[in-house]
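Engineer: Got a predicted model here, sequence first, then my questions.
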Amino acid sequence: PAKVQNLLMRLEEAEKLRDIEMAVTTIESIRALPGSPAADLDDALARRLGTLNIRRLFEQKNPQWVKVVEVKRGDSASRIAFENGSTLASLTCLNGGSVDRIVIGQKLYVMNHPRFNLVIHRRTRTADLSLNGKFFRRYDLTADVAAKEGAYEMTASPKNFWKALGAQFKAADRTELETLLPVGAPVLISEL
């Protein structure tokens with residue numbers, strides 16, 4: 001359809017200009033079209049959107065998801081991450097490396113109470129991560145999921161959690177998920 005073609009041309013222009021926000025809004029517009037006129041492109045668009053969202057989060061520190069906090073007396077990096085509903089790994093990534101030694105008055109980027117959830121689709125062997133109720137990124141599973149359909153919560157031991165579910169991801173994807181999903185984040189296993 002002409003509307004999809006226009007949006008795809010806009011997406012191409014956004015990528016030439018390296019305008020991440022324009023690219024994201026364009027992809028979201030295409031994916032939101034009624035009747036799925038771009039259904040054959042949806043998986044590719046979802047994956048592209050996921051790549052852009054990761055860049056928006058960690059490189060651009062998008063203010064919709066990230067805030068700046070000042071270290072106070074008694075703070076530790078893990079405490080700051082926990083109090084903001086995040087993970088120590090994401091705090092480390094947002095601040096360009098080690099946060100082992102923080103000092104009073106130091107300013108740190110931290111995720112602003114993210115509400116991540118993961119839906120694992122058994123049939124397609126994919127997993128969709130959403131942030132604050134909106135699609136964020138898609139991952140592939142490398143094998144069938146062993147766990148039954150239902151709701152689960154991320155545990156403090158991610159390695160054991162994935163093993164118990166029988167959910168296998170590429171190593172980089174698993175690391176990224178563990179960086180983003182805090183303890184208690186909902187994980188849903190769906191047949192579809």
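Structural biologist: Yep, it's here. Numbering: from 1, shown residues only.

Engineer: hey, let's count contacts and neighbours off CA atoms from now on
Structural biologist: OK.

Engineer: tell me the contacts of Ala81?
Structural biologist: Shown in contact with Ala81 (CA atoms under 8 Å, 6 or more residues apart in numbering): 87-88, 91, 110-111.

Engineer: remind me which residues of this protein are low pLDDT?
Structural biologist: 36-38 (pLDDT under 70).

Engineer: Strands of that one, residue ranges please.
Structural biologist: 66-70, 107-111, 116-121, 126-131, 134-140, 150-153, 186-190 (DSSP state E).

Engineer: Those into TSV, with extra columns for mean neighbour count and distance to Leu57?
Structural biologist: Shown next, in TSV, are these (neighbours: other CA atoms under 10 Å; distance: least, CA to CA, whole Å):
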stretch	mean neighbour count	distance to Leu57
strand 66-70	16	7
strand 107-111	21	9
strand 116-121	23	13
strand 126-131	19	11
strand 134-140	18	10
strand 150-153	14	23
strand 186-190	19	20
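
Engineer: Save those strands as TSV, and put in distance to Arg174 too.
Structural biologist: Listed next are the strands of the chain as TSV, based on distance: least, CA to CA, whole Å:
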stretch	distance to Arg174
strand 66-70	22
strand 107-111	19
strand 116-121	12
strand 126-131	11
strand 134-140	9
strand 150-153	16
strand 186-190	14
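
Engineer: Can you say which of these is nearest to Glu15?
Structural biologist: Judged by CA to CA, the one of those that comes nearest to Glu15 is strand 134-140, at 18.3 Å.

Engineer: All set, thanks.
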